[in-house]
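A.B. asks: Let me see the structure of the following:
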Amino acid sequence: MMNMSQKKNKWLRNQVIEVTSQLNKITFGVRDILRGNWKFLVLVCLGIIAVYLNSLKGDFVSDDYASITQNPNIYDTALFLKTGGIPGMVTHIIAMLFGIGSSIPYHMTSLLLYLAICVLAFVFMVTVAGKQIARMGAVLFAFHPMHVEAVSWISGRPYLLTTFLVLICLISMVLYMGGRKKKKYLWVLVISLILNFFNDPIRGFALYLLAMLIFFTFGSKFFPGIKLGRIFLGFVAVSAVMFVIAWPLAKTRISTVNGGYNSSESVFYQPWFQYPTAITKYLQLLFIPVDLTLYHTLYIFPMWLNWLVIISYLGLLVYFWFKNKLVFFALAFIFVASSPSMLPVKVSWLVAERYVFFGSVGFCLLLGIVINNIFVKNKWVGISILGLVTGIYFLRTFFRNVDWQTNHKLWVSTCQVSPNSHNAWNNIGDDYDKLGQYDNAIKGFTQSTVVKPNYADAFHNRANIFFKTGRLDLARDSYNTALYYSPGLYQTYMSLIQIDLMEKRGDLAMQDSQKLLSMQPNNPQAWYVAGVVFANVGDSEKAKMAFKNALTIMPNFSQAQQALTQLLGGS
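C.D. replies: You can find the predicted model right below:
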């Protein structure tokens, strides 16, 4: 039996716990944050518009061609509803409303989305760090030069959408669980969770990792009364479901990145190389964003330094876990948010600026904490540092936008920063081809093969230029080299058949067409080419059969229909 003194002590402890719990609860909402900081946010948004204004006149570049201007299904609503996901649907809607003649509506959409993300990032920072630190962090986030790739490149919009939806999820979760308990936050959380899944289930998985990070860092504040075991079991269950759903998508991405003529020895990175190299490079780009490029392939730091950086980073995480939970949270956020794009499976590049777009929220929060500490000790020193860093970021962002204005500027810049990238040299060769500068195109493709001697794509593209300029012997040699490194490159056989027919070498044309059909038996174009070969060698019956096979696969294949009609008319 407890005596009166023990009962009193227990009652006092419960009262202390209850008072502490009430103090930890969040007593403000999104509307309160926006009302109290609207002037600041308007100024930041105006600054963002000013620095990204020159991006609005940027052309379609790189992957934009395949996804927009050269996409035959860009207006197919049913197809986008089935396979496009939210990023594809956004692009489809813009195309339906404004067409594909101008890139401005596509850039405007990305810029508006970025403005919303900057506001959400500020709101999120307020909930975890308070207004003053959040203001400093939000200014740095708004103008960080690493964001240009995700904002000014139309094909970078999926990373904006993921960040936008995950931030909404996190803010609504924190405000609902942290004490507001309003149904509107719960409904926003549920809806944004659903949208996040349909947007990108792989990179959207960062949401669940960040929710765990918030719980372990600020558990008593944002999740009062919730047991650690329940959260962990829930996380494991969600992870298992997400893995089952996302794995087929990951396999498709693996085959896309690593298949065919772009294949390598393994679909896996070596983790002891990948993580020290990537983390060191990302930290360097976040702190000193000078060598910005689409293809990061030039890693100048020695491996021992990379390991020293990652060990130091992990050491700081352990130290600040005990010393300062907010600093720990900011440090951890950088790579927890970026982790879905840093898997050891080659579903992505080793390093890309857009991959750490979301993670930069944590980095800018960290800088905000550091500058705020200086500000508390010396107001003018803190203001000066913030102004200097923001000014540097602003100028670097403005000039980085220039690199994305045209395809040619993009690849020139990429080759300058990443001279050891075979992709960059191949793409600049392709750009010179479009400009009609064939000698420069040959130089670009040749340099690509120097950087990667087994890069079949560059040999094939160089052969195309030789073919255009009438140097058929060099074209044949380059096509054969492409097939040596990638025997399954069926487009090369189509090109070789053209040379065979031009040189009146029917035997070679027959051999190449048979190889083409063995690789592409369901390709109407392959049957059409075979029909042309049969017709040229005088075998009209086999030519008719080939054209009929092409029309069976594609009934509206006009070229095959015309060829068949001519043969039938002449028989």
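
A.B. asks: Could you find the closest non-adjacent residue to residue 472?
C.D. replies: What sits nearest to residue 472 in space, not counting adjacent residues and going by C-beta to C-beta, 6 or more residues apart in numbering, is residue 499, at 5.4 Å. For every residue, glycine as well, the C-beta is placed using N, CA and C.

A.B. asks: Buried residues of the helix or strand that neighbour falls within, list them for me.
C.D. replies: Element membership for residue 499, per DSSP states H and E: helix 490-502. For helix 490-502, the neighbour count (16 or more other C-beta atoms under 10 Å) marks 490-501 as buried.

A.B. asks: cool, stretch 313-328 as well?
C.D. replies: By neighbour count on 16+ other C-beta under 10 Å, the buried set for stretch 313-328 is 313, 320-321, 326-328.

A.B. asks: in terms of contact, does residue 113 touch residue 165 like I think?
C.D. replies: No: using C-beta atoms under 8 Å, residue 113 makes no contact with residue 165, being 10.6 Å away.

A.B. asks: more neighbours, the two?
C.D. replies: residue 165 (24 against 18; other C-beta atoms under 10 Å).

A.B. asks: Enumerate every residue touching that one.
C.D. replies: 192, 195-196, 199, 204 (C-beta atoms under 8 Å, 6 or more residues apart in numbering).

A.B. asks: wait, isn't the residue nearest to residue 472 in contact with residue 467?
C.D. replies: Yes: assessed by C-beta under 8 Å, residue 499 is found in contact with residue 467 at 7.0 Å.

A.B. asks: hey, what's in contact with both of those two?
C.D. replies: Joint contacts of residue 499 and residue 467 (C-beta under 8 Å, 6+ apart) are residue 475.

A.B. asks: what's the first-to-last distance across stretch 316-332?
C.D. replies: End-to-end distance of stretch 316-332 (C-alpha to C-alpha, to the nearest Å): 10 Å.

A.B. asks: List of residues touching it?
C.D. replies: 128-129, 213-214, 217-218, 313, 362-363, 365-366, 369.

A.B. asks: and these, which of them are in helices?
C.D. replies: 128-129, 213-214, 217-218, 313, 362-363, 365-366, 369 (DSSP state H).

A.B. asks: Which ChimeraX command selects the buried ones in the residues you listed?
C.D. replies: Remark: buried members of those, expressed as a ChimeraX selection using 16+ other C-beta under 10 Å:
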select :128,129,213,214,217,218,313,362,363,365,366,369
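
A.B. asks: and the ones in helices among the contacts of stretch 316-332 as JSON lines, adding distance to residue 342?
C.D. replies: Compiled in JSON lines, the ones in helices among the contacts of stretch 316-332 are given as follows (distance: C-beta to C-beta, whole Å):
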{"residue": "128", "distance to residue 342": "23"}
{"residue": "129", "distance to residue 342": "25"}
{"residue": "213", "distance to residue 342": "15"}
{"residue": "214", "distance to residue 342": "20"}
{"residue": "217", "distance to residue 342": "21"}
{"residue": "218", "distance to residue 342": "24"}
{"residue": "313", "distance to residue 342": "13"}
{"residue": "362", "distance to residue 342": "14"}
{"residue": "363", "distance to residue 342": "15"}
{"residue": "365", "distance to residue 342": "20"}
{"residue": "366", "distance to residue 342": "19"}
{"residue": "369", "distance to residue 342": "24"}
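
A.B. asks: After the helix or strand bottoming out on mean pLDDT in the chain, which helix or strand is next?
C.D. replies: Lowest on mean pLDDT, DSSP states H and E among the helices and strands of the chain sits helix 4-24, with a mean of 45. Downstream of helix 4-24, the next assigned helix or strand under DSSP H and E is helix 30-52.

A.B. asks: mean confidence score for that following helix?
C.D. replies: Helix 30-52 shows a mean pLDDT of 94.

A.B. asks: neighbouring contacts of it?
C.D. replies: Helix 30-52 is contacted by residues 111, 114-115, 118-119, 122-123, 126, 131, 135, 138-139, 142-143, 151-152, 171, 175, 394, 397-398, 401 when judged by C-beta under 8 Å, 6+ apart.

A.B. asks: just to revisit the earlier point, which of the contacts of residue 165 fall within helices?
C.D. replies: Of the contacts of residue 165, the ones assigned to helices by DSSP H are 192, 195-196, 199.

A.B. asks: Dump those into JSON lines; add distance to residue 58, pLDDT and neighbour count as well.
C.D. replies: Shown next, in JSON lines, are the ones in helices among the contacts of residue 165 (distance: C-beta to C-beta, whole Å; pLDDT from 0 to 100; neighbours: other C-beta atoms under 10 Å):
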{"residue": "192", "distance to residue 58": "30", "pLDDT": "87", "neighbour count": "22"}
{"residue": "195", "distance to residue 58": "28", "pLDDT": "88", "neighbour count": "16"}
{"residue": "196", "distance to residue 58": "28", "pLDDT": "84", "neighbour count": "24"}
{"residue": "199", "distance to residue 58": "24", "pLDDT": "84", "neighbour count": "21"}
